[in-house]
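Visitor: Let me see the structure of the following:
(2 chains)
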Amino acid sequence: EADIYQTPRYLVIGTGKKITLECSQTMGHDKMYWYQQDPGMELHLIHYSYGVNSTEKGDLSSESTVSRIRTEHFPLTLESARPSHTSQYLCASSQNRGGWETQYFGPGTRLLVL
Amino acid sequence: SQQGEEDPQALSIQEGENATMNCSYKTSINNLQWYRQNSGRGLVHLILIRSNEREKHSGRLRVTLDTSKKSSSLLITASRAADTASYFCATVQGGSEKLVFGKGTKLTVNP
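Guide: Numbers count the residues shown, from 1 in each chain, chains lettered A, B, ... in the order given. So this is what the prediction gives:
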């Protein structure tokens, strides 16, 4: 079982609200990722970080922002939630071992914006 | 951009039967990985096969890789109801450190 945690697990919120999805890992991994996944669909990388103070946008454009102030913590923020943000958000981490990437995933946050 | 493409999209079998899922990809890769996702959960890493390997086993799992055809297969032998999940292949493309996931195969194992 991976030591990576996400809160909340489920969130129902109204349009226009600011939300922060929390992700933390206790494995000391340098790399962390946020994916967006609609039901029955593939994962899309929206943000990643290779270490403290490093953040990059992923392959799928997202209105969310991230920060990496501590190694273990990689929160994702939506300043003004919209129904189009309804999705599942998965956080992952990895420790590059000789170039072979195995990612460890949190349980996900299911977001519903009304 | 999507790299892996799993086939079939959905598969339903009886307990005890074998399940085979295929993955095709487009560009050169460093390695290919298979993950499992139970409904409403995060992904769990199953197995990694390097580009210079052709076959790998882990318990009831058998993975093959054919780089000439840019394809991989995942075989689950003697399936159990607990194997019901979605299975994703993911590739690390040459020169990149990012994983790119396919759309997944939804496997249902009926008791």
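
Visitor: And the helix or strand of chain B with the lowest mean pLDDT, what's buried?
Guide: Within chain B, confidence by mean pLDDT, DSSP states H and E is lowest for strand B:5-7 among all helices and strands, at a mean of 82. By neighbour count with 16 or more other CB atoms under 10 Å in any protein chain shown, strand B:5-7 contains the buried residues B:5-6. The way it works is simple: take the backbone N, C-alpha and C, and place the C-beta from them, glycine included.

Visitor: in its sheet, what does that strand sit against?
Guide: Partner strands for strand B:5-7, per DSSP bridges, with pairing direction: strand B:19-24 (antiparallel).

Visitor: How far does the strand it pairs with sit from its chain's centre?
Guide: The chain centroid and the centroid of strand B:19-24 are separated by 6 Å under CA atoms, centre = their mean, to the nearest Å.

Visitor: Let me see the mean pLDDT of that strand.
Guide: In this model, strand B:19-24 has a mean pLDDT of 96.

Visitor: quick one: stretch A:70-90 to chain centroid distance?
Guide: On CA atoms, centre = their mean, the centre of stretch A:70-90 falls 6 Å from that of its chain.

Visitor: again but with stretch A:41-50, I slipped
Guide: 8 Å.

Visitor: Run the contact check for stretch A:90-98 versus chain B.
Guide: Yes: counting by CB under 8 Å from any CB of the partner chain, chain B is contacted by stretch A:90-98 at A:90, A:92, A:96.
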